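In: Have a look; sequence and predicted model below, questions after that.
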Amino acid sequence: YPLRGSFIDIHPNAKWQQNGLTVAGGNGRGNELNQFGISHGLYVDNDQTVYVADLMGARVVQWKLGATSGQVVVDGNGHGSETHHLGLTMDENGSLYVVDAENNEVRRYRRGESQGTVVAGGNESGDRLDQLDYPQYVFVDRNHSVYVSDYHNHRVMKWMEGAKQGIVVAGGQGKGNELTQLSYPQGVIVDQLGTVYVADSDND
């Protein structure tokens, strides 16, 4: 049920192949560059390069079109690292945005950066407007505002570029199934009009 990616453009008359093709991994579970531990977030850029958040491997791996193994582009500390990379997306400049659920933050990695910059959260777990609690997925709009599904706070937060705290754009009224509530939100995507769509995972 997660929604991933930024600007999706599928032709209404698109035809689909009957059989799938493995484009990343497929070599069993593990930490080698041709494997994943627990693959989670996924993003495909305009060059058909695939980026995968490997939760167990605490890394983000890039697979170029036709490659037989990947390249670590974020972290790479291996199993046991104090990071849980979940959702990820990319902006039009090629900057990668990665959710670290364990550290309750979203980091932006410009091309060539290894440490990244915190653009949402990063102030320990909590329900203040400058905090997140086990965030899951991320979306970035054309103004570089970051939208985050704040899993344990049952809300979606929007952090404008350079902001020190976010604003609640969906949920935030406690866990529940009312139209003002969410229950463990996951995937999030925003259209060009600013309408927010959320995969509300515990409300079927």
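Out: The structure has been received and is ready for your questions.
In: On the pLDDT front, check residue 135 for me.
Out: Here, the pLDDT recorded for residue 135 equals 98.
In: Contacts only, for it.
Out: Contacts for residue 135 (CB atoms under 8 Å, 6 or more residues apart in numbering) come out as 86-87, 99, 101, 104-106, 120-121, 148-151. (Glycine included, C-beta is placed from N, CA and C.)
In: Please tell me how far the residue positioned nearest the centre of the chain sits from residue 55.
Out: Nearest residue to the geometric centre of the chain (CA atoms, centre = their mean): residue 87, 1.9 Å. In this view, residue 87 and residue 55 are 11 Å apart by CB to CB, to the nearest Å.
In: next one: residue 181
Out: 27 Å.
In: With residue 65 instead?
Out: On the measure of CB to CB, residue 65 and residue 55 end up 24 Å apart.
In: And the two? Which one has more around it.
Out: Set residue 65 next to residue 55 and count neighbours by other CB atoms under 10 Å: residue 55 wins out with 20 against 10.
In: How about the more buried one: what's its closest non-neighbour residue?
Out: residue 38 (4.1 Å; CB to CB, 6 or more residues apart in numbering).
In: Quick check: pLDDT value at that neighbour.
Out: The pLDDT attached to residue 38 in the predicted structure is 89.
In: Am I right that it is in contact with residue 58?
Out: No. Using CB atoms under 8 Å, residue 38 is not in contact with residue 58; the gap is 10.3 Å.
In: Contacts for the lowest-mean-pLDDT helix or strand in the chain, please.
Out: The least trusted helix or strand in the chain, going by mean pLDDT, DSSP states H and E, turns out to be strand 71-75, with a mean of 90. Contact with strand 71-75 is made by 33, 51, 58-64, 81, 83, 85, 96, 98, 109, 116, as judged by CB under 8 Å, 6+ apart.
In: one more time with 7 Å, if that's ok
Out: Residues from elsewhere that reach strand 71-75 (CB atoms under 7 Å, 6 or more residues apart in numbering): 58-62, 81, 83, 85, 96, 98, 109.
In: cool, and stretch 164-173?
Out: By CB under 7 Å, 6+ apart, stretch 164-173 touches 120, 129-130, 147, 154-159, 180-182, 185, 196, 198.
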